[in-house]
Structures are given as C-alpha cells and as structure tokens.
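# Here you go, sequence then predicted model.
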Amino acid sequence: MCLECGIFEATFMMDPYIEKEILLKNEVKRVGQGNFDYLVNKVFDFQYENNAVYREYCDALITANPNLTPPFFMPIEAFKYHAISCRKSIGNHFFESSGTTAQVNSRHYVQDLDFYLEMAQLGFEQTYGPLANYCVLALLPHYLERQHSSLVAMVDHFISHSRGGNSGFFLNNQAQLYKTLIDNNLSKIPTILFGVSFALLDFVTTFQMDFPALIVMETGGMKGRREEMTKTQLHDYIKNGFNVKNVHSEYGMTELLSQAWSKGEGVFTPSSTLKVIIKEATDPMADEKPGKAGVVNIIDLANVETCSFIATQDLGIDHGNHTFSILGRVNAADLRGCNLMVE
C-alpha cells in the first residue's frame, strides 16, 4: 500500500505465454511479402513449443524422415478429433464446421475473436476497399442462430461496420431482400450480397433483377441441397438472375482465420496473412509445379493460437502469380462447409 496516498499498488504480471502471443499477433498484423517467410519460421517455432498435438505430429514426421524440414502441414482432420490449441486452457469459444449428424465436425478453439474479425476485415479491405463504403447483405443464418460459424461471425462483423442502415441478414425474408436491392440500385449504393450457393439460386429462381453494379459473393454450398451442377452452371444462373458480369467468391474454412477472395472466374487472391502451397497428389511432401493440379496446403499466419500449417482436402492450382483456383475436393473427402449450415 502507498503510505502517502492510502491506496494499494498492484503490479500486473502478464502470463509469459499470452505476452508472446500478443507480440506475435502484432507482427502478423503488419505482415508483408518482405517478412512473410520470417514470420513463418517464428510462428512455427512458437506453435511447436506450445501446441502439444502439433508438436507430436511434427516429431512423428521427423522420426519417419529426419531429412524433412519445417514447417510441417498437419492434416485438417486433426481438428475433428483433437483440441488444437497453443493455450493451456482452450476456453469455451469455438468455431464449428457444418455437417450431417453422422459426421464428426471440426472445432477450431479461437479465444481471441476480436483478432479473427480484425484479420478478416483487413483481408477483405485489401481486395475491396473500406467496408464503410458498402451496404452488406447476407443470405445466411443470423449470428444468433449460428454462433459457432466463422463465416456468419465474419459477415455479422462486416454488417456492423458497413454503410447505412439497410445492411443485414435476409435468409428468411427474401422479399425484403429484393426490395432492399431495388432501393440500393436506384440510390446507387455500393452493395455486397453474401450467400450460400443454394440460397442464391433459390433467390434468383423467384426474383429477377437488373443490378450490374452488385457484388454477389458466393460462399459455396450445394451438395445435398439441390441437384448437382457445375460451378460454371451455378454462376451462369446467378449472373443471369442479377444481370452481373461476374460472381465473386470467398475461400475460407472453419480451421482458418484468413480468407482469399475472387472477383470472378474462380481465381482467388489470398489476404496478406495467407499463402497457398500446392502439393503433389501422390507425394504430400513434394511441391507441385505452378499450373498443375494438386492438394492445397495452407499457411495461415493469423492462426497464431492454434495451427498455421494445414493440409486440406481440397484440390487446386497455383497460377504462379500469388493467385490460385480450387478445383474441388479430394476423392472420399467428407461433405462439409456452408451447404449444410442452415440445417
């Protein structure tokens, strides 16, 4: 106690782990091409030291092949069967993948929700400019209905930081969405419409409009909901329904905190915290050549709390200019994603 002022003095001692995590996150926020590889090494060392599940996986790989060099990409299925975290306590907050009742869903234990939303906004604005310029509409469940969806949390954040009072969720009120789109078109308000594939298709089946300036952001999801169609067929229907030149897309997943964005033709540009590496389909340790199809591995520096090095079940192509395309899923990969979000 301070004798002169009569009040207690307390010295706040931050948990050394939390202090390291915060410092690393601050570096990730400022990542660029010049220091990306440096941060890859720094994040790997941090996660190898603090993430017991990831360290066990790395050690097993090194034991099997001592010539391998990090970082090592952990199979995405690990999020189904383990609590992947660098923290001693995983807490109560998690993102969960959509799936059928017969499936084991992935859980991504993310305690620093503000950091996720900050990184998502940063990545979006790197491609589209300030959120405050747009009215953001969503053919998605509301955040209160799907509190464990990373996509819904991100779009809910975008809505709260968007332009004007017309932004919102409209999955259960398509007539009101149609009216809002008409009003925004007449008022020339820049507008983004996020939607799962089947919901966008349902909407344009009922409503037709002429809104060439609209950004339609398709977030995936057709399997099990409608008769299968190719991505080209789907986008043609959507383009005709809104009279837009391109359908935009978002590439993200429960196990990631960063996204990639496509302005059309299925070509994605990753955010500054995300890097896609294509591996040979027959050799998960060998990089595939640009222009050839292979399995998508991802470095997500924003995943500081959990694991930044993930081997997905997606097939893709690296175009060699910091862009990539997704071709589909590896055979026998689980049905997953936003298509089952509403169930």
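Structure's in. What do you need?

# helix or strand for Met285, which one?
Using DSSP states H and E, Met285 falls within strand 283-287.

# do Leu177 as well
Short version: Leu177 belongs to helix 174-187, going by DSSP H and E.

# the inter-axis angle of the next helix-or-strand element following that helix versus helix 174-187?
Going down the chain from helix 174-187, the next helix or strand is strand 191-195, by DSSP H and E. Note on geometry: by axes from the mean of the first three to the mean of the last three Cα atoms, to 10 degrees, strand 191-195 and helix 174-187 are set 160 degrees apart in direction.

# And the helix or strand that comes right after strand 191-195, what's buried?
Going down the chain from strand 191-195, the next helix or strand is helix 197-206, by DSSP H and E. Buried residues in helix 197-206, counted by 16 or more other Cβ atoms under 10 Å: 197-204. All C-beta atoms are positioned from the backbone trio N, CA, C, and that covers glycine.

# bridging residues for the closest residue to Leu139 other than its chain neighbours?
Closest residue to Leu139 apart from its sequence neighbours, by Cβ to Cβ, 6 or more residues apart in numbering: Gly195 at 3.3 Å. When assigned by DSSP bridges, Gly195 has beta-bridge partners Leu139, Glu218.

# Gly195 and Val136 touch, don't they?
No. Using Cβ atoms under 8 Å as the test, Gly195 is too far from Val136 to be in contact (11.5 Å).

# Contact partners for the residue nearest to Leu139?
138-140, 203, 216-219 (Cβ atoms under 8 Å, 6 or more residues apart in numbering).

# From those residues, list the buried ones, please.
The buried subset of those - by 16+ other Cβ under 10 Å - is 138-140, 203, 216-219.

# okay if I get the residues you listed as TSV plus distance to Val155?
Converted to TSV, those look like this (distance: Cβ to Cβ, whole Å):
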residue	distance to Val155
Ala138	5
Leu139	10
Leu140	6
Phe203	16
Val216	14
Met217	9
Glu218	13
Thr219	9
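
# which SS class is the closest residue to Gly328 other than its chain neighbours?
Of all residues not flanking Gly328 in the chain, Leu315 sits nearest, at 5.3 Å (Cβ to Cβ, 6+ apart). Recorded secondary structure, Leu315: strand (DSSP: H, G, I helix; E, B strand; the rest coil).

# can you count the residues close to Leu315?
19 (other Cβ atoms under 10 Å).

# isn't it right next to Val295, touching?
Yes. In this structure, Leu315 is within contact of Val295 by Cβ under 8 Å, at 6.4 Å.

# Tell me the residues that contact both of those two, please.
With Cβ under 8 Å, 6+ apart as the test, Leu315 and Val295 both reach 281, 330.

# Next, please give the residue ranges for the helices of the protein.
16-29, 36-50, 52-64, 78-81, 113-128, 150-160, 174-187, 197-206, 231-242 (DSSP state H).

# For Lys263, which of those helices is the nearest?
Nearest to Lys263 among these is helix 113-128; the distance by Cβ to Cβ comes to 7.4 Å.

# buried sites along the closest one?
So for helix 113-128, counting by 16+ other Cβ under 10 Å, buried means 115-124, 127-128.

# Just confirm Asp183 contacts Gln176, I think it does.
No. Contact between Asp183 and Gln176 fails when scored by Cβ under 8 Å: they sit 10.5 Å apart.

# Find the centremost residue of the protein, please.
Gly252 (2.8 Å; Cα atoms, centre = their mean).

# quick one, phi psi at it?
Backbone torsions of Gly252, given as degrees, to the nearest 10, read phi -160, psi 180.

# about what we covered before: how about the contacts of Gly195 in a markdown table, adding distance to Val28 and pLDDT?
Output for the contacts of Gly195, formatted as a markdown table (distance: Cβ to Cβ, whole Å; pLDDT from 0 to 100):
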| residue | distance to Val28 | pLDDT |
| --- | --- | --- |
| Ala138 | 27 | 96 |
| Leu139 | 31 | 95 |
| Leu140 | 27 | 91 |
| Phe203 | 37 | 96 |
| Val216 | 30 | 98 |
| Met217 | 25 | 98 |
| Glu218 | 28 | 95 |
| Thr219 | 24 | 92 |
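
# Low-confidence regions, this structure specifically.
1-13, 99-102, 143-144, 222-228, 332-343 (pLDDT under 70).

# Would you mark the buried spots in stretch 142-156?
142-143, 146, 148-156.

# from the chain's centre, how far out does that stretch sit?
12 Å (Cα atoms, centre = their mean, to the nearest Å).
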